[in-house]
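1. what would the 3D arrangement of this be:
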Amino acid sequence: MKGDLFSSQHVVQPAVTPGMSVENAKCVKYAVNGEMYARQGAMVAYRGDLVFERKGQGVGGMLKRAVTGEGLPLMAVRGQGEAWFAHEAQNCFIVDVEPGDQFTVNGRNVLCFDASLSYEIKTVKGSGITGGGLFNSVFTGQGRLGLVCEGNPLVIPVSEQAPVYVDTDAVVGWTTHLRSSLHRSQSIGSMLRGGSGEAVQLMFQGEGFVVVRPSELTPQKSQQH
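-> From the prediction side, this is the model:
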């Protein structure tokens, strides 16, 4: 066969080393040699001797959807082979988590990750149980984490002198040494009069980076996630 479709730009090559790599802007490839985790339904293709097992709530402390409403439905992938993961043609990125790091990320942005990483769901300080989407997944340990984002994310430096305020629907994640809290940018009276539509943001203080998607969730997308 000939044509642009079959050019080297699109034809995948065998993995050189085990683990995670970006296949293209919309897809992550994982060369599995043992075990890894991915969000349910994210596998788009695989080859080799692989087994996919749905993870129920509470397994290994990973899933707490019944408590938070924001847990991530996961599947374990075991064996030897290659698997490709994607989600709604969103852009894919990889984060390397090192010992001592703590990367907090919104569960809807998680695509796949190494089994060597630990995962815990925490509540954003000050949001309370009614915060809904203000529950986030905290990754620690050593390994690689694959993320998805609608569009190219903004990575904004945060310092003690310059806190950053982010719309709660737009935040993707943030790094170890940042402190998060809710911030109201307008008064109740202003909200009753119509306001700006941006009443509450997450305020980040400290030294690090916050990752922001270049759009807010639409009501339809919010229901899907």
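2. can you pull the contacts of N33?
-> P18, Q80 (Cβ atoms under 8 Å, 6 or more residues apart in numbering). Bear in mind the C-beta positions are built from the backbone N, C-alpha and C, glycine included.
3. P18 now?
-> A31, V32, N33, G34 are the contacts of P18 under Cβ under 8 Å, 6+ apart.
4. which ones are touching T176?
-> G100, D101, Q102, F103, G208 are the contacts of T176 under Cβ under 8 Å, 6+ apart.
5. and for E53, the neighbour number?
-> Neighbour count of E53, defined by other Cβ atoms under 10 Å: 12.
6. what's the weakest-modelled helix or strand in this structure?
-> helix 65-68 (a mean of 39; mean pLDDT, DSSP states H and E).
7. following that helix, which helix or strand shows up next?
-> strand 74-85 (DSSP states H and E).
8. what are the pairing partners of that following strand, and which direction each?
-> strand 27-39 (antiparallel), strand 43-54 (antiparallel) (DSSP bridges).
9. just the C-alphas of the shortest one, formatted as PDB.
-> It refers to strand 43-54. Taking C-alpha atoms only, strand 43-54 is exported to PDB below (Å, rounded to 0.1, in the frame of the first residue of the first chain):
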ATOM      1  CA  MET A  43      -7.200   1.100  25.300                       C
ATOM      2  CA  VAL A  44      -7.500   1.600  21.500                       C
ATOM      3  CA  ALA A  45      -5.200  -1.200  20.300                       C
ATOM      4  CA  TYR A  46      -2.800  -3.800  21.600                       C
ATOM      5  CA  ARG A  47      -0.600  -6.700  20.500                       C
ATOM      6  CA  GLY A  48       1.100  -9.400  22.400                       C
ATOM      7  CA  ASP A  49       0.000 -11.500  25.400                       C
ATOM      8  CA  LEU A  50      -1.900  -9.000  27.500                       C
ATOM      9  CA  VAL A  51      -4.800  -9.400  30.000                       C
ATOM     10  CA  PHE A  52      -7.100  -6.500  30.900                       C
ATOM     11  CA  GLU A  53      -8.800  -6.600  34.300                       C
ATOM     12  CA  ARG A  54     -11.300  -4.200  35.600                       C
END
